[in-house]
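> Any chance you could fold what I've pasted below:
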Amino acid sequence: MAITPFVSKRAPFYAGVTDEQWNNWRWQLSNRINTVEEFEKVIPLTDSEREALSAADLFRVDITPYYISLIDPNDPDDPIRKQVVPTSKEMVPFTAMMEDSLAEDRHSPVPGLVHRYPDRVLMLVTTQCASYCRYCTRSRIVGDPSATFSRAEFEMQIEYLKRTPQVRDVLLSGGDPLVLAPKILEEILRRLREIPHIEIVRIGSRVPVFMPMRVTDELCDILQKYHPLWLNIHVNHPNEITAELAQATDCMTRAGIPLGNQAVLLAGVNDNVHIQRQLVHDLVRIRVRPYYLYQCDLVEGAGHFRTPVAKGIEIMEGLRGHTSGYAVHQYIIDAPGGGGKIPVMPNYLMSMSDHKVVLRNFEGFITTYEEPTDYLPSHAAKYLGEKRPEPGQSGVFGLLDGERLFVKPEGFDEIHDRSGIQHRLKDPKKWVPLGIGEGKEKSEPAE
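Below is the predicted model:
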C-alpha cells in the first residue's frame with residue numbers, strides 16, 4: 001500500500017493572497033481572524049459558535065489563516081474546528097471545574113516561574129499564542145495582553161535560577177515562546193545558557209502546528225546555538241500534519257533539535273484508538289516522537305472536551321504492542337491541585353511472589369518471569385556524588401530508599417491527635433518492661 005503524501009491546504013477566501021505573504025509568519029499573525037464577520041468569510045458558523053463569539057468575557061479567539069484553512073467548512077464536527085472555534089458549551093460549568101487546576105500559581109516562587117519538581121522549572125515567557133486552544137490549561141492568563149511578563153519579572157526569574165543550583169532543566173512555555181521576536185527569544189536562551197548548572201533547555205510550542213512558516217532558517221540557526229535544546233510540539237489529530245508541518249520539523253531536526261509531541265485527549269476530536277494510531281504513525285514519519293497524551297484538565301470552559309479515564313486506557317491498550325514502542329506515548333493525568341504528571345497505563349503486571357512475576361501482553365498471552373534469588377543491590381550510587389531528589393521532595397522514592405517510614409498528608413498529625421492521655425509507648429525511655437522494677441505495677445512509669 002502506497003504511503004499517502006502530506007498535503008497543503010488554503011481556504012478559497014485566501015486564493016488572492018500571494019505565496020510570499022502566505023509563507024510570512026508575521027503576515028499570518030497580522031491576519032488572524034476572531035469575529036463573526038471574519039469567520040463567515042471562511043467557514044459558515046453554527047448557532048452555537050455564533051453565540052459564543054458574541055459573548056462577553058470569552059477566552060480569547062484568534063486563528064491564523066493557515067490553520068483555519070485546514071478545517072472542512074462543510075463539517076460542523078471537524079476535529080480541527082472543535083479545537084479553536086468556540087461554542088456555547090464553553091459557558092457551561094461542570095463539577096470540579098477550576099481556574100488554576102494544576103496549582104501552578106501556588107508553586108511560583110517568582111512571577112512566571114513554576115517550580116513544581118525538584119530539578120526542573122517551567123518558565124513562562126509570554127502570554128501570547130499564534131492561535132488559542134479552547135481547552136487551554138492557562139486560559140486564566142494566556143491571551144491577556146495586560147498579563148504579559150515584564151522585564152523586571154524576567155530578571156527575577158533569572159536571579160531565582162542562579163541561586164537555585166538543583167535546577168538543571170528549564171522548560172520555556174507560556175503562551176508560546178516561538179511568537180516572540182527572534183532577538184527576545186535569543187536573549188532568553190543566552191541568559192539561561194550563562195547559568196552553569198542549567199544542563200538542558202526545552203521549549204513547548206504549538207506554533208509549528210498553527211503557523212509552520214515561523215520555522216525559518218533564521219529561527220533554526222538561533223536554536224541550534226544553544227544546544228542541548230529539545231522541543232515539543234502539540235499535534236492532536238492527523239489532519240494537522242501537513243506538507244508545511246513536515247517541512248518545519250525537517251528543518252528543526254536537521255538543526256539537531258530532538259522533537260516530541262504532546263497531545264491532549266479530547267472528546268469528539270481524537271478519542272478513538274484508530275485516530276490515535278494514525279496520529280502517532282504520521283508523527284514518526286515527520287521525525288517527531290510521541291511523548292505525552294494528556295487527560296484533559298479540569299479547566300474552566302473545557303468540560304465538553306473531557307473523556308473518562310477509561311477511554312485513555314482503552315487507547316493505550318490499542319497502541320502498546322499494536323505498533324512500534326517508540327510510537328507509543330505515555331498517557332498522563334496532570335494531577336488536579338498540583339500533584340504533577342501521573343502516568344496511567346493498563347495493568348500488564350498480573351501478580352507477583354518473592355521469586356516470580358506473572359505478566360500478560362497486549363494479546364492476552366500470560367507468561368512468568370523468574371526473578372533472581374541471590375540478587376544484591378548495587379552500591380555504585382556512592383560514586384555519583386550528591387543524591388537527588390532533594391530532601392523533602394523524595395516522595396515514594398524516599399520510602400523505597402529507606403530514608404522515610406511514611407508520607408503523611410498535610411495536617412495528618414493534627415487530625416489524629418485526640419489530645420488524650422499518652423500511651424505508655426509514646427516515649428519508651430520513660431517506661432520499663434513488664435515485671436521489671438522493684439515494687440512497680442506493670443503499667444507504671446519508671447522513676
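
> how close does the nearest residue to residue 304 once chain neighbours are set aside get to residue 239?
Using C-beta to C-beta, 6 or more residues apart in numbering and skipping the chain neighbours, the partner closest in space to residue 304 is residue 89 (4.0 Å). Heads up, the C-betas are built off the backbone N, CA and C, glycines and all. Look at residue 89 and residue 239: by C-beta to C-beta, to the nearest Å, they are 21 Å apart.

> Who has more neighbours out of these two?
Under the criterion of other C-beta atoms under 10 Å, the comparison of residue 89 against residue 239 puts residue 239 first, with 20 against 16.

> if I pick the more buried one, what's in contact with it?
When contacts are counted by C-beta atoms under 8 Å, 6 or more residues apart in numbering, residue 239 touches 70, 79-80.

> in the stretch 301-447 of the chain, which spans are helices?
Ranges of helices in the stretch 301-447 of the chain, per DSSP state H, counting those that start in this stretch, are 309-319, 395-400, 412-416.

> Could you provide these in a markdown table, with additional columns for distance to residue 260 and mean neighbour count?
Output for the helices of the stretch 301-447 of the chain, formatted as a markdown table (distance: least, C-beta to C-beta, whole Å; neighbours: other C-beta atoms under 10 Å):
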| stretch | distance to residue 260 | mean neighbour count |
| --- | --- | --- |
| helix 309-319 | 16 | 17 |
| helix 395-400 | 24 | 12 |
| helix 412-416 | 38 | 9 |
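
> right, so of the ones you listed, which gets closest to residue 228?
Among the helices of the stretch 301-447 of the chain, the nearest to residue 228 by C-beta to C-beta is helix 395-400 (25.3 Å).

> what's that closest one packed up against?
Judged by 3 or more C-beta pairs under 8 Å, 6 or more residues apart in numbering; DSSP states H and E, helix 395-400 is in contact with no other helix or strand.

> Give me the average confidence score over that helix.
Helix 395-400 shows an average pLDDT of 74 in the prediction.

> same question, stretch 261-268
Here the average pLDDT along stretch 261-268 is 97.

> And for stretch 133-151?
Averaged over stretch 133-151, pLDDT sits at 83.

> Quick check: buried residues in that stretch?
For stretch 133-151, a neighbour-count test (16 or more other C-beta atoms under 10 Å) marks 133-143, 147, 149 as buried.

> ok, residues contacting it?
With C-beta under 8 Å, 6+ apart as the test, stretch 133-151 has contacts from 59-60, 62, 82-86, 90, 99-102, 104, 111-112, 124-129, 132, 174-175, 206, 264, 266, 296-297, 299-302, 305, 334.

> among these, which ones are buried?
Neighbour-count burial (16+ other C-beta under 10 Å) applied to these gives 59-60, 62, 82-86, 90, 100-102, 104, 112, 124-129, 132, 174-175, 206, 264, 266, 296-297, 299-302, 305, 334.

> In strands, which of these appear?
Mapping the buried ones among the contacts of stretch 133-151 onto strands (DSSP state E) picks out 124, 264, 334.

> Sort out which one of the contacts of residue 239 lies nearest residue 27 for me.
residue 70 (17.4 Å).

> you'd agree that closest one is up against residue 9?
Yes. Using C-beta atoms under 8 Å, residue 70 is in contact with residue 9, at 5.6 Å.

> joint contacts of these two?
By C-beta under 8 Å, 6+ apart, residue 70 and residue 9 have these common neighbours: residue 242.

> okay but residue 344 is in contact with residue 331, surely?
Yes. Using C-beta under 8 Å, residue 344 is in contact with residue 331, at 5.2 Å.

> Okay, strands next: where are they in the stretch 301-447 of the chain?
Secondary structure of the stretch 301-447 of the chain (DSSP state E, counting those that start in this stretch): strands at 330-335, 340-343, 349-352, 356-360, 366-370.

> Quick check: buried residues in the longest one?
Neighbour counts using 16+ other C-beta under 10 Å place 331-334 of strand 330-335 among the buried residues.

> Quick check: neighbours of it in the sheet, parallel or antiparallel?
Applying DSSP bridges, strand 330-335 is found paired with strand 289-295 (parallel), strand 340-343 (antiparallel).

> cool, and the third one?
Each strand pairing with strand 349-352, determined using DSSP bridges, is listed with its direction: strand 356-360 (antiparallel).

> Convert the C-alpha atoms of the partner strand to PDB, please.
The C-alpha trace of strand 356-360 is given here as PDB (Å, rounded to 0.1, in the frame of the first residue of the first chain):
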ATOM      1  CA  LYS A 356       8.300 -14.800  40.300                       C
ATOM      2  CA  VAL A 357       6.200 -12.200  38.400                       C
ATOM      3  CA  VAL A 358       3.200 -13.000  36.200                       C
ATOM      4  CA  LEU A 359       2.800 -10.800  33.200                       C
ATOM      5  CA  ARG A 360       0.400 -10.500  30.200                       C
END
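
> among the contacts of stretch 133-151, which are in helices?
Residues of the contacts of stretch 133-151 located in helices (DSSP state H): 82-84.

> Save those residues as TSV, and put in pLDDT and distance to residue 367 too.
Output for the ones in helices among the contacts of stretch 133-151, formatted as TSV (pLDDT from 0 to 100; distance: C-beta to C-beta, whole Å):
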residue	pLDDT	distance to residue 367
82	97	42
83	97	41
84	97	46
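
> Poorly predicted segments of the stretch 301-447 of the chain, please.
379-394, 402-404, 416-447 (pLDDT under 70).

> Just to be sure, residue 50 is in a helix?
Yes. Counting by DSSP: H, G, I helix; E, B strand; the rest coil, residue 50 is part of a helix.

> got a list of what it touches?
Contacts of residue 50 by C-beta under 8 Å, 6+ apart are residue 36.

> follow-up on the earlier one: what's the overlap in contacts for residue 344 and residue 331?
295, 312-313.

> Nearest to residue 365 among those?
residue 313 (19.1 Å).

> Kindly check the end-to-end length of stretch 116-123 for me.
By C-alpha to C-alpha, to the nearest Å, the extent of stretch 116-123 from end to end equals 11 Å.

> Go through it and flag the buried ones.
Applying 16+ other C-beta under 10 Å to stretch 116-123 flags 116, 118-123 as buried.

> How far off centre is it?
13 Å (C-alpha atoms, centre = their mean, to the nearest Å).

> No more questions from me, cheers.
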